[in-house]
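What follows is a predicted structure for the sequence shown.
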Amino acid sequence: MTIEHKIRQLIRPEIQALSAYHVPDPGDAIKLDAMENPYPWPAPLVDAWLERLREVSLNRYPDPAAQRLRERLRGTMQVPAGMDVLLGNGSDELIQMLALAVAGPGRAVLAPEPSFVMYRLIAEFAGMDYVGVPLAADFSLDLAAMLAAIGEHQPALVFLAYPNNPTGNLFAIDDVRAIIEAAPGLVIVDEAYAAFASDSFMSALGEYDNLLVMRTVSKMGLAGLRLGLLAGAPAWLQEIDKVRLPYNINVLTQVSAEFVLDNREVLDLQTADIRRDRGILFDALAAIEGIEPYPSEANFILFKTSAGKADAVFEGLKARKVLIKNLNKAGGALTDCLRVTVGTPEENLAFIEAMKESL
Ligand SMILES: Cc1ncc(COP(=O)(O)O)c(C=O)c1O
């Protein structure tokens, strides 16, 4: 039997049908495709961090509960008293742990569309049904459609990215509350971009017994560490913790994250600069004929090109060594749309110049 034949027999059909999550190689291009913080640390901070790493025992397993780091994150992320924190290898892993903990025949994950693609992918990995409910034309929640879908599918998990990726907007607070109140299962408000947003549901945790709030350090400037956190009632987190692989937060991540959180002001200054430059970048995009940027509460901006132009603009940027994200192929509301991450002022200028040349 050939390998191909065995694959067809063995690998689940829905997995065979997936294409692997593709991350393009940026080469020497300006990288504005992945919502990373573009800034390095000051040299003395790098030296102090390397000193701290000397103390790490790589021959030992990490603290399985990452106790010190969890305590540190509770403060940094303003987790309300009485709520607990569960850590993941990126928030991606937390989404997977949530799915594994509830998966079963007929169990559904529900999210608005377009939103973060891993909600759908992880639902499929876990063998769950996925229900995507289209956003309204202005990218707000279509509350009536959401409530109808929740009534029909009784989802075990509802994911609301707040602000949403790739659209960048915060949903209306009352819509989110109505969904939490109507949902029979857990509602996870995914605040990956909290560092750039004007609102949060963290302080609402105690108000609802089916609400969890997810955060990550990735967009704050620590994407390489792979560290996300889920905050919520201890009773929920204790159950979800049972599907966590032991030692999922490696020792370098634990020590490095504690170190950075002790020097938090460096990241805070960087994220403040990114918020300022988001406004400048938005205005520069809006000034380009045929380009419509959408307001953003995150560290990226979604924008629409004139009809049928998005692929050519994307390729034009790539040829000029600027890599952004092409969402046109996703279709639907994202037809003609591209997404750019806010970079350094120099990177943003180079992007705007390349935009003008590409058009
Ligand atoms: C809404 C949202 N949630 C979660 C993530 C994943 O973050 P992490 O790097 O913590 O896995 C992303 C990354 O793009 C995102 O956009």
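Looks like it arrived, so ask away.

Is Asp175 inside a helix or a strand, and which specific one?
Using DSSP states H and E, the element containing Asp175 is helix 173-182.

so who does Thr341 touch?
By C-beta atoms under 8 Å, 6 or more residues apart in numbering, Thr341 lies in contact with 31-36, 299-300, 324. The C-beta positions use only the backbone N, C-alpha and C, and glycine is treated the same way.

Near the ligand, list only the ones from those.
Among the contacts of Thr341, the ones lying near the ligand by C-beta under 6 Å from any ligand atom are Met35.

So which of the contacts of Thr341 sit within strands?
31, 300 (DSSP state E).

Throw the contacts of Thr341 into JSON lines and include distance to Ala284 and neighbour count, thanks.
Formatted as JSON lines, the contacts of Thr341 follow (distance: C-beta to C-beta, whole Å; neighbours: other C-beta atoms under 10 Å):
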{"residue": "Lys31", "distance to Ala284": "19", "neighbour count": "18"}
{"residue": "Leu32", "distance to Ala284": "13", "neighbour count": "27"}
{"residue": "Asp33", "distance to Ala284": "18", "neighbour count": "20"}
{"residue": "Ala34", "distance to Ala284": "21", "neighbour count": "17"}
{"residue": "Met35", "distance to Ala284": "19", "neighbour count": "21"}
{"residue": "Glu36", "distance to Ala284": "20", "neighbour count": "17"}
{"residue": "Asn299", "distance to Ala284": "16", "neighbour count": "27"}
{"residue": "Phe300", "distance to Ala284": "15", "neighbour count": "27"}
{"residue": "Ile324", "distance to Ala284": "14", "neighbour count": "26"}
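
If we only consider the contacts of Thr341, which is nearest to the ligand?
Using C-beta to the nearest ligand atom, Met35 is the member of the contacts of Thr341 that lies nearest the ligand, at 5.5 Å.

now the helix or strand containing Val158 and helix 173-182, what's the angle there?
Per DSSP H and E, Val158 falls inside strand 157-161. Orientation of strand 157-161 against helix 173-182 (axes from the mean of the first three to the mean of the last three C-alpha atoms, to 10 degrees) gives an angle of 170 degrees.
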